[in-house]
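K.L.:
Return atomic coordinates for the entry below.
(chains A, B, C and D)
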There are 2 protein chains.
Amino acid sequence: MSKAKKPEVRKMEIIQAALELFAQDGYENTSVNHIIERAGVSKGGFYHHYDSKAQLLEDIARLFLDKIAERIQGIAEMEDLSALEKTNEYFRQVNSYKEQRAAEVSTILAGMYSGGKNIQLEHAIFQYGSKRIAPLMTEIIRQGIEEGEFGTEFPEEAAEMFVRLFVINQNQMSELFFQALQQEKREEAEKIVDVIKRKYQFFQQLLEDTLGLEKGSLVLQEVAEETVNYLLKALDAR
Amino acid sequence: MSKAKKPEVRKMEIIQAALELFAQDGYENTSVNHIIERAGVSKGGFYHHYDSKAQLLEDIARLFLDKIAERIQGIAEMEDLSALEKTNEYFRQVNSYKEQRAAEVSTILAGMYSGGKNIQLEHAIFQYGSKRIAPLMTEIIRQGIEEGEFGTEFPEEAAEMFVRLFVINQNQMSELFFQALQQEKREEAEKIVDVIKRKYQFFQQLLEDTLGLEKGSLVLQEVAEETVNYLLKALDAR
DNA sequence: TATAACAGACCGACGGTCGGTCTTTATTCC
DNA sequence: GGAATAAAGACCGACCGTCGGTCTGTTATA
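P.N.:
Okay, here's the model as predicted:
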């Protein structure tokens, strides 16, 4: 019998186990019994910390997004940056974070979105993201409008759409990334790399339109290149 | 014991029952037992026609979208219309269809999306919509580019995004529509009406940007007005 | 010693299966 | 052509394993 642990520790063990299983089988196909087996905790233990399986999902979404929100908060408070510089700084930070942690989370993230098997998680993330991130983005957009670089009559709507598009993009890219790694023929994998590049271009334009920015203002292209380089390296290393 | 029926008839009975229950309780909270009870068919009967509950969902999505696809197909084949005219014609048709059928389906549709309780249905609709509708839209966009009115380097991506945005818009509007009807105070309801108008404006701009159209090219504003008028009438009639 | 952290037997409901029955349609024989 | 028969398909409902969640009891910690 395992001894009692601090709630945060146990919760993290449960979350870790759940994440791995969600990535493998999806939220729906992962039972609470599987989760507790992997986490090494009993039914009673699980339901002592969580009221329901759905609440665990919320907790996971919050965990992800609170980190991101902190970063954005930090960027938003840099008073010597323009709104556009803040936005681009955010893109760079998210990417460097992903690259740092790639080894530990890439497979999880990749599995997370592959095959559209995790709509619930996706939805939870967007839901909480709208609440947590959209308001921060709204402020940045407002600043950008004052500075004259952003141009939209609908800051709130644009911010929400920004979050939405970001999540969609993230999911699509993760899925393509994973697909590329699955390909046996190098040729096929590189076709997918081209699709990734193309999608990034499209998303950059769409985000610029959404925020009313000049074409080429955002640095998503940089991000795309780094992602592609990382993917190509991974393909070589196979 | 009820006599044997043609598969299409039974399937429609099952779909009808399922739709009503999905609208009321959401997909997840609706059990197969409830569906078969309402449809007046046995467990074995249900699983004779459908391999799983999920397959029923796919069937429902297909039913919805095939109708829409036929309409778009019809519009796409009108050779004397420009791509922009085709797009706007589509908006008008969808709206007139919704108004015609409003009495029978409005409450169902409204309940369907309210509270985000039907992500599965939403996902199924987008999934099948991408396959069925996006290709048709891609062709219209290509035509528009040739004619010089549309301006995007990414016709396929734009088409897919168009479908995506359309579904999102539809869901948001249905939810707001429902919310407005729920309000007790007229004042509160009219606030929501303003939100609806605002969202429509935003979506029009975003769709125009996505397709690379001139501002004000799309007639979503017309659609918005009709929707709002219909809603106001419904509020008066309470 | 009170309380938080667990354990695990247990519950009703769930999605899905299975052996079998009844209805409809196709085929055969006269 | 019409009755007899066989094959096909629609349908039934008891049943199964598993699910998310509850409950009562035990152990550790402050």
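K.L.:
Would you pull up how far stretch A:165-172 lies from the middle of the chain?
P.N.:
Relative to its parent chain, stretch A:165-172 has a centroid offset of 8 Å by CA atoms, centre = their mean, to the nearest Å.
K.L.:
Same question for stretch A:14-24.
P.N.:
On CA atoms, centre = their mean, the centre of stretch A:14-24 falls 16 Å from that of its chain.
K.L.:
Now look at it and say if it contacts chain B.
P.N.:
No. Taking CB under 8 Å from any CB of the partner chain as the criterion, stretch A:14-24 and chain B are apart, separated by no less than 15.4 Å. The way it works is simple: take the backbone N, C-alpha and C, and place the C-beta from them, glycine included.
K.L.:
so for that stretch, what's the average pLDDT?
P.N.:
The pLDDT scores in stretch A:14-24 average 91.
K.L.:
and that stretch, anywhere near DNA strand D?
P.N.:
No. Using CB under 7 Å from any atom of the strand, stretch A:14-24 never reaches DNA strand D; the gap is at least 10.3 Å.
K.L.:
Name the residues of that stretch that are buried.
P.N.:
A:14, A:15, A:17, A:18, A:19, A:20, A:21, A:22, A:23 (16 or more other CB atoms under 10 Å in any protein chain shown).
K.L.:
give me the subset of these touching DNA strand C.
P.N.:
Okay, of the buried residues of stretch A:14-24, nothing touches DNA strand C (CB under 7 Å from any atom of the strand).
K.L.:
Which of the residues you listed sits closest to DNA strand C?
P.N.:
residue A:14 (9.2 Å; CB to the nearest atom of the strand).
K.L.:
Strands along chain A, start to end?
P.N.:
Here chain A has no strands by DSSP state E.
K.L.:
circling back to that earlier point, make JSON lines out of the buried residues of stretch A:14-24 and add distance to residue B:150.
P.N.:
Below are the buried residues of stretch A:14-24 laid out as JSON lines (distance: CB to CB, whole Å):
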{"residue": "A:14", "distance to residue B:150": "50"}
{"residue": "A:15", "distance to residue B:150": "46"}
{"residue": "A:17", "distance to residue B:150": "49"}
{"residue": "A:18", "distance to residue B:150": "45"}
{"residue": "A:19", "distance to residue B:150": "42"}
{"residue": "A:20", "distance to residue B:150": "45"}
{"residue": "A:21", "distance to residue B:150": "45"}
{"residue": "A:22", "distance to residue B:150": "40"}
{"residue": "A:23", "distance to residue B:150": "39"}
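K.L.:
now residue A:150: how far from residue A:144?
P.N.:
Distance of residue A:150 to residue A:144, computed by CB to CB, to the nearest Å: 3 Å.
K.L.:
Return every residue with contacts to both of these two.
P.N.:
A:83, A:84, A:211 (CB atoms under 8 Å, 6 or more residues apart in numbering or on different chains).
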